[in-house]
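*Asks:* Below: sequence and its predicted model.
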Amino acid sequence: MEIRKVQVTGGSSYVISLPKGWVRQQKIEKNDPVGVIAQADGTLLLTPNLTYDSTTRIREFSLKDYPVPDMLLRSLIGAYISGFTTIRITSAGRIPPKVRQVVRKFTQMTIGQEVAEESDNSIILKDILNPSEMPFENTIRRMYVIVKAMHEDALYALEQGRRELAEDVSARDTDVDRLHWLVHRQFSLIVTNPALSRRMEIAPAKAATYYQVSRIIERVGDHAVAISEAALVLIDMRVDHTVVAKITKAGEASLDIFNRSIKAIYANSIPEANAIIEAADDLLPEYHTLSAMTQKMKVKEAVAMTTIANSMHRISEYSSDIAEILINQMVGTDGT
């Protein structure tokens, strides 16, 4: 850390000099404007980027380093989440059709990514989404609405014996993943670009909370899929109605805890967060009852039942995790 003395000019203006190395690295000239951002911890942050639009990050991938298309797909997703605004894919020869299929799949899996230029040996992807137009709260709410419906439909499909509804639950998981990746990307951009943090009017610590919550909601969605897939097995085996009734009861209880945890985030209530944690613990006997019922079942039924019990248990635990995140955030910001 460099130490700089504060100078006073004109009797009322406080001035410090900037490190010469940093000025040259950022290519700052005389009379150029520089952003000064006051942080919550009392520190000041200097940035030559006065607007988010001035920041362009480019990532290039050469196909010689990616012999398998799936490897390229994972790296594209990584570049997207990391906040790169331009992605360039190059090849010494003609780009194979399988790679172009991967690129199309990537644009369908993500939000705001489009092919800007394309030739025989290169593809350029650009981000057309303005991050400030996608507030964290809106994305989290959308994720919650989708996952809540997935959970409800998984239970209803089992109760009514509707295979097509159970299968549809799995199809919706892609939408949840897309939104979670968007939250992750927004968080990465805010961490690396203070100007965007100010434009979106959200502190990096709050953005980190939203990222943690989105990750949990995405996992709850995965468990809703697991429940729906297990429900398909039980539907085919025509499981007894009393078993379905117990599953529905436990499922509704775990969903209620999940609903309360999401509402608590927006209510900023520590008492409610503590009540959620206690309620999640109180549901353990329900899941144990479901697990105990497998002793009198056929192997295939027992496996499906165990999957459902474990997933419901995990959903309530994830809801408890959300409550703990809220408590940590509120205590850290002197909330009550």
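*Replies:* Everything's here; your move.

*Asks:* Dump stretch 83-101 to CSV, keeping only the CA atoms.
*Replies:* Presented in CSV, the C-alpha positions along stretch 83-101 are these (Å, rounded to 0.1, in the frame of the first residue of the first chain):
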residue,chain,number,x,y,z
GLY,A,83,-18.6,-11.3,-17.5
PHE,A,84,-16.9,-11.2,-20.8
THR,A,85,-18.7,-9.0,-23.3
THR,A,86,-17.2,-10.4,-26.4
ILE,A,87,-16.3,-14.1,-27.1
ARG,A,88,-14.3,-15.0,-30.2
ILE,A,89,-14.0,-18.6,-31.4
THR,A,90,-11.3,-19.2,-34.0
SER,A,91,-10.1,-22.1,-36.0
ALA,A,92,-7.1,-22.7,-38.4
GLY,A,93,-9.5,-24.3,-40.8
ARG,A,94,-13.3,-24.4,-41.4
ILE,A,95,-15.3,-24.6,-38.1
PRO,A,96,-17.0,-28.0,-37.9
PRO,A,97,-20.8,-28.2,-37.8
LYS,A,98,-20.7,-29.7,-34.3
VAL,A,99,-19.0,-26.6,-33.0
ARG,A,100,-21.6,-24.4,-34.6
GLN,A,101,-24.3,-26.5,-33.0
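
*Asks:* For it, what is the distance to the chain centroid?
*Replies:* Relative to its chain's centre, stretch 83-101 lies at 26 Å (Cα atoms, centre = their mean, to the nearest Å).

*Asks:* how about that stretch: buried residues?
*Replies:* Burial within stretch 83-101, assessed by neighbour count using 16 or more other Cβ atoms under 10 Å, is assigned to 83-85, 87-89, 91, 95, 99. Quick note: C-beta positions are derived from backbone N, CA and C, even for glycine.

*Asks:* List the ones among the residues you listed that fall in helices.
*Replies:* Among the buried residues of stretch 83-101, the members falling in helices are residue 99 (criterion: DSSP state H).

*Asks:* Mind putting the buried residues of stretch 83-101 into TSV with pLDDT and distance to residue 265?
*Replies:* Output for the buried residues of stretch 83-101, formatted as TSV (pLDDT from 0 to 100; distance: Cβ to Cβ, whole Å):
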residue	pLDDT	distance to residue 265
83	89	24
84	92	29
85	90	30
87	96	33
88	96	38
89	96	38
91	93	45
95	93	44
99	94	41
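
*Asks:* now, among the buried residues of stretch 83-101, which is nearest to residue 322?
*Replies:* residue 83 (25.1 Å; Cβ to Cβ).

*Asks:* wouldn't that closest one be in contact with residue 59 here?
*Replies:* No - using Cβ atoms under 8 Å, residue 83 makes no contact with residue 59, being 9.7 Å away.

*Asks:* how close does the nearest residue to residue 122 once chain neighbours are set aside get to residue 65?
*Replies:* Nearest residue to residue 122, sequence neighbours excluded (Cβ to Cβ, 6 or more residues apart in numbering): residue 90, at 4.9 Å. The gap separating residue 90 from residue 65 is 10 Å, by Cβ to Cβ, to the nearest Å.

*Asks:* What of residue 134?
*Replies:* 32 Å.

*Asks:* What of residue 280?
*Replies:* Counting by Cβ to Cβ, the gap from residue 280 to residue 65 is 45 Å.

*Asks:* domain assignment for the chain?
*Replies:* For the chain, the structural domains run 7-49, 54-131, 132-332, going by automatic domain parsing.

*Asks:* more neighbours, residue 280 and residue 65?
*Replies:* Neighbours per residue, other Cβ atoms under 10 Å: of residue 280 and residue 65, the larger number sits with residue 280, 24 against 9.

*Asks:* Packing partners of the helix or strand where that one lies?
*Replies:* Assigned by DSSP states H and E, residue 280 belongs to helix 270-282. Contacts defined by 3 or more Cβ pairs under 8 Å, 6 or more residues apart in numbering; DSSP states H and E place helix 270-282 against helix 241-267, helix 299-332.

*Asks:* Quick one: closest of those to residue 166.
*Replies:* Among the helices and strands packed on helix 270-282, the nearest to residue 166 by Cβ to Cβ is helix 299-332 (11.6 Å).

*Asks:* how about the closest one: buried residues?
*Replies:* Residues of helix 299-332 classed as buried by neighbour count (16+ other Cβ under 10 Å): 301, 304-327, 329-330.

*Asks:* Contact partners for the residue nearest to the spatial centre of the chain?
*Replies:* In the chain, the residue lying closest to the centroid (Cα atoms, centre = their mean) is residue 180, at 2.8 Å. Residues in contact with residue 180 (Cβ atoms under 8 Å, 6 or more residues apart in numbering) are 143, 214-215, 217-218.

*Asks:* Next SSE downstream of whatever helix or strand it lives in?
*Replies:* Taking DSSP H and E as the criterion, residue 180 maps to helix 173-192. Going down the chain from helix 173-192, the next helix or strand is helix 194-199, by DSSP H and E.

*Asks:* so what secondary structure elements neighbour that next one?
*Replies:* So helix 194-199, by 3+ Cβ pairs under 8 Å, 6+ apart, packs with strand 35-38, strand 44-47, helix 173-192.

*Asks:* Need phi/psi at residue 7.
*Replies:* phi -110, psi 150 (degrees, to the nearest 10).
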